[in-house]
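J.: Would you be able to build a 3D model of this:
(one chain, ligands or ions: 1)
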Amino acid sequence: MIRIYNTLTRKKEEFKPLEEGKVKMYVCGLTVQDRPHIGHIRASITADILKRYFEYSGFDVTLITNFTDIDDKLIEKEKETGEDFRSIARRIIDEYFENADKLNIKRADFFPEATKHIQEIQELVSRLIEKGFAYVSGGNVYYDVSKFSGYGKLSGKKLEDLRVGARVEPDETKRNPVDFVVWKGAKPGEPWWESPWGRGRPGWHIECSAMSMHYLGETFDIHGGGADLMFPHHENEIAQSEGATGKPFARYWVHNGRLNLSGEKMSKSIGNVVLISDILKTYKPDVVRLYLLSTHYRSPLEYYEDRLKEQEGGYERLRQVLFLISQTEGEEGELNKETIDKFKEAMDDDFNTPKALSAIYSYTKDIFETMKKGPDTKWILSAKKTLKEMLSVLGLFESEEDHEKKDDDLIDLLLTIRSDIREKKLYELSDKIRDGLKKLNIEIEDTDEGSRWKRE
Ligand SMILES: [Zn+2]
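T.: The predicted model follows:
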């Protein structure tokens, strides 16, 4: 049984899917005006862990992650740099994928972009106007917050308090300062799409309502994103979706904690940003994963490079034990139930990855100790299966294996070529291959049945 902390109820609840065996999940992705930093990656890894663990637990998961590829900040960037907003967006989306792939983040089922869903967005705006939840004013369409009685239920904010604190921009024509824009009229020189309310573009909140319901249905299981999106973004998504459909929107709201640098949220405008591509120049992807997973996803995390560096110790220990057990060959072992149970218990409890990792590390210790005592093939084969299974649920050491497999294939290929060379009696060349491989700690043994190789 998976228990999950639901921001909407402020409780850990047993996860019960809407449809047996299925999880439908939407997670807010990047606004693609600035290059991806470690804070963005924290949100992606959180979604990745949920997806992986639900799948491991037998669920069929549909994950949608959007890219906000049109908004005020992107337009500003276009004005600043002269680069077309579409080209800025494309460049940053590519950079995101390049790094996310390195980090072994499973791809979502769809990555919708706002500019490709203008029709769904406009349909939703029309529905809101028809139902009296939205109004047209000065070329914009605003959501009338006073019409939605549930406003504030996610963030716990009270409408009265919000009214007092709200600021109105001079060019806004709202009925009420708390109202927010769902369709924004275009100013001269800005990108626009035709609409029944004049040329303009979607507001930020409306795209997530429109795209999540388009892919997952009007009610779905999980909506995720960074804790800083809870208000106003997610609060407004609820108001829009539930206003339009009259049905509950997302049933579980999952928020990952902020990743701060020098006490503040990472943000390009403050200049306290650590780019993921810079981190990956120095650190292995699995070290970054271990770093992020060693803190519970809901806890805020202050970024210190020392903490990241510290993970190299754990990474090295895991790598060594994996190498040691890989030397024992035989039929696939059985899972060590006691260890797997501990791991599952941690993950079932709101995806407690620090606890799951400590189950893994303590098992690693057992493995080292058992191996010191002497060969116990059956136990080691079971350990091999158990450890790999747990690591793979956390997305760890999977790419490593790929590399090793590729190396193995290459060595096999080299040996095949070498045997052809030997048949042609080009011994000098064949010895050159053997000596070269020896320098890489790979030893070739020539037998009557052909050549074999092993790592030293
Ligand atoms: Zn969103």
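
J.: how distant is stretch 104-123 from the center of its chain?
T.: Centroid displacement of stretch 104-123 relative to its chain, using Cα atoms, centre = their mean, to the nearest Å, is 15 Å.

J.: List the buried residues of that stretch.
T.: 104-106, 108, 110-115, 117-118, 120-122 (16 or more other Cβ atoms under 10 Å). Glycine gets a C-beta too; all of them are placed from N, C-alpha and C.

J.: out of these, who's nearest Ser57?
T.: Lys106 (15.1 Å; Cβ to Cβ).

J.: quick one, strands of the stretch 51-200 of the chain?
T.: Here the stretch 51-200 of the chain has its strands, by DSSP state E, counting those that start in this stretch, at 60-65, 134-137, 140-143, 180-185, 200-202.

J.: sorry, back to before: and which of the buried residues of stretch 104-123 is nearest to the ion?
T.: Comparing the buried residues of stretch 104-123 against the ion with Cβ to the ion places Ala114 closest, at 9.7 Å.

J.: I figured the closest one hits Met211, correct?
T.: Yes: here Ala114 reaches Met211: they are 7.4 Å apart, a contact under Cβ atoms under 8 Å.

J.: what do those two both touch?
T.: Each of Asn66 lies in contact with both Ala114 and Met211 under the rule Cβ atoms under 8 Å, 6 or more residues apart in numbering.

J.: count of neighbours near the closest residue to the ion within the stretch 51-200 of the chain?
T.: Closest to the ion within the stretch 51-200 of the chain is Asn66: 6.3 Å, counting by Cβ to the ion. By the criterion of other Cβ atoms under 10 Å, Asn66 has 25 neighbours.

J.: Now it. Its backbone dihedrals?
T.: Dihedral pair for Asn66: phi -90, psi 160, per degrees, to the nearest 10.

J.: how close does it get to Tyr56?
T.: 25 Å (Cβ to Cβ, to the nearest Å).

J.: What residues does this protein have near the ion?
T.: 28, 208 (Cβ under 5 Å from the ion).

J.: tell me the secondary structure for His223?
T.: strand (DSSP: H, G, I helix; E, B strand; the rest coil).

J.: Just the pLDDT at the closest residue to it other than its chain neighbours, thanks.
T.: Counting by Cβ to Cβ, 6 or more residues apart in numbering, His223 lies nearest to Ala250, which is 3.4 Å off, once chain neighbours are set aside. With respect to pLDDT, Ala250 scores 98.

J.: Let's see stretch 344-360 as PDB, backbone CA atoms only.
T.: Coordinates of each C-alpha in stretch 344-360 appear next as PDB, following Å, rounded to 0.1, in the frame of the first residue of the first chain:
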ATOM      1  CA  LYS A 344       9.400  -1.200   0.000                       C
ATOM      2  CA  GLU A 345       8.400  -0.100   3.500                       C
ATOM      3  CA  ALA A 346      10.400   3.100   3.000                       C
ATOM      4  CA  MET A 347       9.100   3.800  -0.500                       C
ATOM      5  CA  ASP A 348       5.500   3.000   0.400                       C
ATOM      6  CA  ASP A 349       5.800   5.700   3.100                       C
ATOM      7  CA  ASP A 350       5.500   8.700   0.800                       C
ATOM      8  CA  PHE A 351       8.500   7.700  -1.300                       C
ATOM      9  CA  ASN A 352      11.000   8.000   1.500                       C
ATOM     10  CA  THR A 353      14.200   7.700  -0.600                       C
ATOM     11  CA  PRO A 354      16.600   8.600   2.200                       C
ATOM     12  CA  LYS A 355      15.300   5.600   4.100                       C
ATOM     13  CA  ALA A 356      15.300   3.400   1.100                       C
ATOM     14  CA  LEU A 357      18.900   4.400   0.400                       C
ATOM     15  CA  SER A 358      19.900   3.500   3.900                       C
ATOM     16  CA  ALA A 359      18.400   0.100   3.500                       C
ATOM     17  CA  ILE A 360      20.500  -0.300   0.400                       C
END
